[in-house]
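J.: generate a structure from the sequence data that follows.
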Amino acid sequence: MLNPLPVERWDDRAAAHLLNRAAFGATPEEIAVTKAKGLAGAVLDLVEPRVSALPFDPPDWAHPRDLRSLRQEARMAKQNGDTTKIREVRKTEADEILDLRRWWMARMATTAAPLLEKMTLFWHGHFATSVEKVKDGYWMWLQNETIRRHALANFAALTKEMSRDPAMMIYLDLPQSRREHPNENWARELMELFTVGLGNYTEQDVRESARAFTGYRLDLVTQRFWFAPNQYDAGPKTFLGRTGNFNGDDIIHFLTKQPACAQFLAKKLCRFFIEEEPSPSLINAVAERLRAHDLEIKPVLREIFSSAEFYSDRVMRAQIKSPTQFIIQSCKLLSCDLPGPRVAQNAMRQMGQILFAPPNVKGWDGGKSWISTSTLLFRNNFANYLINGDAILPPAMKRQGADVGFRGAARAAFVDEIRRNPIDVNRLVSADVRNNAQRLIANLSKRVLQSDPPSDDMAAFTNFLAARKDDSSDATVRGLLHLMMSTPLYQLT
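T.: From the prediction side, this is the model:
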């Protein structure tokens, strides 16, 4: 497995596939540039992003605050009958996480290092942490930056960083773990969901591991990790058949050296980048490369993206787009701006993937779970919204933002933000293409579907234009785009 792709198979279709899976999709022009680099050059540019592509200013509010004092002040005011301060704190929390989602989506959409962002999204689902419990945008931003810093590097090093990450510590109650009463939440999820998976440890291993992570604390003034020796259980621990005075880093070292860790991680990488139901032989091949590279992620991704298996007919155009991919790729292909932050947040809620708020510590299931009757209908309506603006938006869709939590000023802001102009189709097709039905279908199919449409879809596109008697107006082109983006093929990448 992971045999190199033959040179003659590197074509437009393969280049588009690479940019769909290792990035967030691409325009025909970007695909042509990637194809011209050759497979080796294209993959190298993805896994070795230029230093100039990495800087991205943080949100203005992303700096440590004395949260303990702020929240204590709000609680005291509430006890005295004044709820103004608590409402201010909650509004600040909501505004910051909304802005953080805007910030990350903008980064994913515009970055010159798209694989770095794609891997940051992967690890966000792997080390799933939700602001619903953490309740602090700075901690969520800090975790996002920590993940990005290690996203293409060593998995063991990233896992150790996560054990000290404020958002993760709060989410899994690590600061409450004391020598007398070790909290097992982090220890259990570390094994079950982050490293080796069920069946590769015992309940005794969970208990002993929890002892090793006692003493991990957060300073709520500086918002930094610190270690409290007086709360650390320094006694001998027996873990995975070894006995010693192990600390948290020792536990992570032992877990990441287990063969099961490479297998567990390989399956998740295969599901995210290759196919939802990877074969045992493919998982074994990726796991073997992970072990050979000592869990360094970059060289393994380079081998995956250079392999014939990654570009097989079974794999290409067979992965259901995540809501994040759907929004960002759609805006790229339509050459339009991302929707406003409230509209985007509402859309992602409707489609089942709210950034910084995974449903649980397991993260998102992905794959077929992205599609249901309601989410598919919303995708089609949202594609129509991106194309046509709010001119023909159903009233029910305009109300959805309020229905899922926007109230008062936030509701008014949502209603104002949803106003959007139709796309400029002249940025997508020239006048001579628009005046020829077959050329128009071929041109937009190449852009939107990145392949020849199935015969049934082709007939639907042809009939759509024929019914308009060769009308080449903007409205007709937008209608054809929406028809293409409503096909099953468009839901796949």
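
J.: the nearest residue to Trp10 once chain neighbours are set aside: what's it in contact with?
T.: The spatial neighbour of Trp10 that comes closest, neighbours along the chain excluded (CB to CB, 6 or more residues apart in numbering), is Leu39 at 4.6 Å. The C-beta positions use only the backbone N, C-alpha and C, and glycine is treated the same way. Applying CB atoms under 8 Å, 6 or more residues apart in numbering to Leu39 gives the contacts Leu5, Val7, Trp10, Ala14, Ser306.

J.: cool, Arg224 as well?
T.: Residues in contact with Arg224, defined by CB under 8 Å, 6+ apart, are Pro64, Pro166, Leu218.

J.: now do the first one against Leu142, distance only.
T.: Translated: Pro64. Note on Pro64: its distance to Leu142, by CB to CB, to the nearest Å, is 9 Å.

J.: how far out from the middle of the chain is the strand or helix carrying Ile252?
T.: Using DSSP states H and E, Ile252 sits within helix 248-256. Centre-to-centre, helix 248-256 and its host chain are 26 Å apart (CA atoms, centre = their mean, to the nearest Å).

J.: thinking again about what came up before, of the contacts of Leu39, just the buried ones, ChimeraX syntax please.
T.: To isolate the buried ones among the contacts of Leu39 in ChimeraX, judged by 16 or more other CB atoms under 10 Å, type:
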select :5,10,14,306
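
J.: pick out whichever of the contacts of Leu39 sits closest to Gln79.
T.: Of all the contacts of Leu39, Ser306 has the smallest distance to Gln79: 62.1 Å, by CB to CB.

J.: phi, psi of that closest one?
T.: Here is the backbone geometry of Ser306 (degrees, to the nearest 10): phi -100, psi 0.

J.: contacting residues for it?
T.: Each residue near Ser306 by CB under 8 Å, 6+ apart is listed here: Pro4, Leu5, Leu39, Ala40, Val43.

J.: what average pLDDT does the strand or helix carrying the residue nearest to Trp10 get?
T.: Here Leu39, judged by DSSP H and E, is contained in helix 28-47. For helix 28-47, mean pLDDT is 98.

J.: which strands or helices does the helix or strand following that helix pack on?
T.: Once the chain leaves helix 28-47, the next helix or strand it forms, by DSSP H and E, is helix 67-79. Here helix 67-79 is seen to pack against helix 84-110 when contacts are counted using 3 or more CB pairs under 8 Å, 6 or more residues apart in numbering; DSSP states H and E.

J.: ok now the helix it packs on, how far from the chain's centre?
T.: For helix 84-110, the separation from the chain centroid amounts to 17 Å (computed by CA atoms, centre = their mean).

J.: cool, stretch 439-458 as well?
T.: From the chain centre to the centre of stretch 439-458 is a distance of 28 Å (CA atoms, centre = their mean).

J.: show the end-to-end separation of it, please.
T.: 12 Å (CA to CA, to the nearest Å).

J.: flag the shaky bits of the stretch 351-493 of the chain, pLDDT-wise.
T.: Counting by pLDDT under 70, the low-confidence segments of the stretch 351-493 of the chain come to 391-407.

J.: sorry, back to before: nearest to Arg420 among the contacts of Leu39?
T.: Nearest member of the contacts of Leu39 to Arg420, counting by CB to CB, is Ala14, at 34.5 Å.

J.: what about that closest one, helix or strand, and which?
T.: Element membership of Ala14 [criterion: DSSP H and E] is helix 12-21.

J.: buried sites along that helix?
T.: In helix 12-21, counting by 16+ other CB under 10 Å, buried: Arg13, Ala14, Ala15, Ala16, His17, Leu18, Leu19, Asn20, Arg21.

J.: quick one: it to helix 28-47, angle?
T.: Inter-element angle recorded for helix 12-21 and helix 28-47: 60 degrees (by axes from the mean of the first three to the mean of the last three CA atoms, to 10 degrees).

J.: what packs against helix 12-21?
T.: With contacts defined as 3+ CB pairs under 8 Å, 6+ apart, the packing partners of helix 12-21 are helix 28-47.

J.: hmm, try it at 10 Å
T.: In this structure, helix 12-21 packs against helix 28-47, helix 114-126, helix 297-305, helix 323-334, with contacts taken as 3 or more CB pairs under 10 Å, 6 or more residues apart in numbering; DSSP states H and E.

J.: out of these, nearest to Lys267?
T.: Nearest to Lys267 among the helices and strands packed on helix 12-21 is helix 114-126 (11.5 Å), distances taken as CB to CB.

J.: give me the mean pLDDT for the closest one.
T.: Per-region confidence: helix 114-126 scores 98 on mean pLDDT.

J.: and the angle for it with helix 297-305?
T.: Per the same axes, to 10 degrees, the angle that helix 114-126 makes with helix 297-305 is 110 degrees.

J.: relative to helix 84-110, how tilted is helix 114-126?
T.: For helix 114-126 against helix 84-110, the angle between stretch directions is 140 degrees (the same axes, to 10 degrees).

J.: helix 114-126 versus helix 323-334: what angle between them?
T.: Here helix 114-126 points in a direction 160 degrees away from that of helix 323-334 (the same axes, to 10 degrees).

J.: buried ones in the helix or strand following helix 114-126?
T.: From helix 114-126 onward toward the C-terminus, using DSSP H and E, the following helix or strand is helix 131-134. For helix 131-134, the neighbour count (16+ other CB under 10 Å) marks Val131, Val134 as buried.

J.: next secondary structure after helix 131-134?
T.: Where DSSP H and E defines the elements, the next helix or strand beyond helix 131-134 is helix 137-150.

J.: from the chain's centre, how far out does that next one sit?
T.: The chain centroid and the centroid of helix 137-150 are separated by 13 Å, computed with CA atoms, centre = their mean.

J.: which secondary structure elements does it sit against?
T.: Helix 137-150 makes packing contacts with helix 84-110, helix 114-126, helix 131-134, helix 155-163, helix 166-171 when contacts are defined by 3+ CB pairs under 10 Å, 6+ apart.

J.: just to revisit the earlier point, could you dump the contacts of Leu39 to TSV with pLDDT and distance to Asn154?
T.: Output for the contacts of Leu39, formatted as TSV (pLDDT from 0 to 100; distance: CB to CB, whole Å):
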residue	pLDDT	distance to Asn154
Leu5	98	26
Val7	95	32
Trp10	98	30
Ala14	98	29
Ser306	98	21
